[in-house]
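Q: just the structure for this:
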Amino acid sequence: METPKRRSQYLIWLLMLVLSQAGMRGLASAEEPPFDFSDQYYLQNGIDPSKLLGRVNGADGTSAVDITDDPTRRDVRVTLTTGGFNASGNLIYYSVFGMMMPDVFTNDAAGQQAMEIANSYRAFIFSKASGDPVSPMPPNRRQDNMFDTRNGYFSVNPLGLWIMTFVSYTDKAFNTPEGQKVLADLAKKNGLDLDGTPIIKTAGDVDSLALQGFVALRTRKLDGSEGFPWVV
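A: Next up is the predicted model:
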């Protein structure tokens, strides 16, 4: 028999699920399910779609051909979503539409603005200590990605452009009393990642740890010599 307490717990769980799904719609795309942007919309916002690497096409295993009536989208629906955190540490789901090298930005004012936007919004990737410090591949990650959705992201970043920013702990974090205390407090709050080090959930924590010298932040070289620096 379902008790009032059990019914209340179920309703709370259902509400959390709905809010989680809303977060996915907000970050991954302007609608649900997420459709790829149209060529015209990419160009309008400073991106040459013909230069996108790995752009979803409906036959790549991560997307499907479908129909949308949104004029800013094309008939390719992304079917693969991944979990992570927003700037406040809340659970979100997101989709990747393609990767970007330097030649993807159009040679006009829109392209310049797109580059400025892309360099302003950080997708934090947490590489394993034993892995490649600037590789975004899932087996190389010690925890889920986190997106810095502050500074008006939802209103000023229409395509969802991100610069990959790799976060790694420094020796100072492990070898100083101050660092050990900070890591112990963070582990108590968030738990441990696959490296056995504290999980980082918020953009504020990343900035604070970096300011104290307890984490190092790296990006790939913007000339593309280390691989694509940005994603959409």
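Q: wait, L53 touches P102, no?
A: No. Between L53 and P102 there is no contact under CB atoms under 8 Å: 11.6 Å. C-beta coordinates here come from the backbone N, C-alpha and C atoms, glycine included.
Q: all strands for this protein, in order.
A: All strands of the chain, identified by DSSP state E, fall at 35-37, 63-65, 73-78, 82-85, 91-94, 99-100, 122-125, 146-147, 162-169, 215-219, 230-231.
Q: what's the closest of the ones you listed to T197?
A: With CB to CB as the measure, strand 162-169 is the member of the strands of the chain nearest T197 (5.8 Å).
Q: which residues touch that closest one?
A: 118-127, 129, 133-134, 136, 147, 183, 197, 200, 206, 214-220, 229-232 (CB atoms under 8 Å, 6 or more residues apart in numbering).
Q: angle of that strand against strand 215-219?
A: 150 degrees (axes from the mean of the first three to the mean of the last three CA atoms, to 10 degrees).
Q: tell me the contacts of D108?
A: By CB under 8 Å, 6+ apart, the residues touching D108 are G46.
Q: so Q44 makes contact with A110?
A: Yes. Under the criterion of CB under 8 Å, Q44 is in contact with A110, at a separation of 6.8 Å.
Q: quick one: closest of the strands of the chain to G191.
A: That would be strand 82-85 among the strands of the chain, by CB to CB, at 12.9 Å.
Q: tell me how far the closest one lies from the chain's centre.
A: Relative to its chain's centre, strand 82-85 lies at 7 Å (CA atoms, centre = their mean, to the nearest Å).
Q: thinking T72 is in contact with F37, fair?
A: Yes. When contacts are counted by CB under 8 Å, T72 is listed as touching F37 (6.2 Å).
Q: the two: which has the busier surroundings?
A: Using other CB atoms under 10 Å as the criterion, T72 and F37 rank with F37 on top: 28 against 18.
Q: span of stretch 55-71 from start to end?
A: 19 Å (CA to CA, to the nearest Å).
Q: related to what we said a few turns ago, tell me the most buried of the strands of the chain?
A: Highest mean neighbour count among those (mean count of other CB atoms under 10 Å): strand 35-37, with a mean of 26.
Q: for the record, mean pLDDT for that strand?
A: Averaging pLDDT along strand 35-37 yields 97.
Q: just checking, what packs against it?
A: The helices and strands touching strand 35-37, judged by 3 or more CB pairs under 8 Å, 6 or more residues apart in numbering; DSSP states H and E, are strand 73-78.
Q: for the closest residue to Y153 other than its chain neighbours, give me the pLDDT.
A: In space, Y153 comes closest to Y121 once its chain neighbours are excluded; the distance is 6.1 Å by CB to CB, 6 or more residues apart in numbering. Looking at Y121, its pLDDT is 98.
Q: helices along the chain, start to end?
A: 4-28, 39-44, 109-120, 153-156, 171-175, 177-190, 203-211 (DSSP state H).
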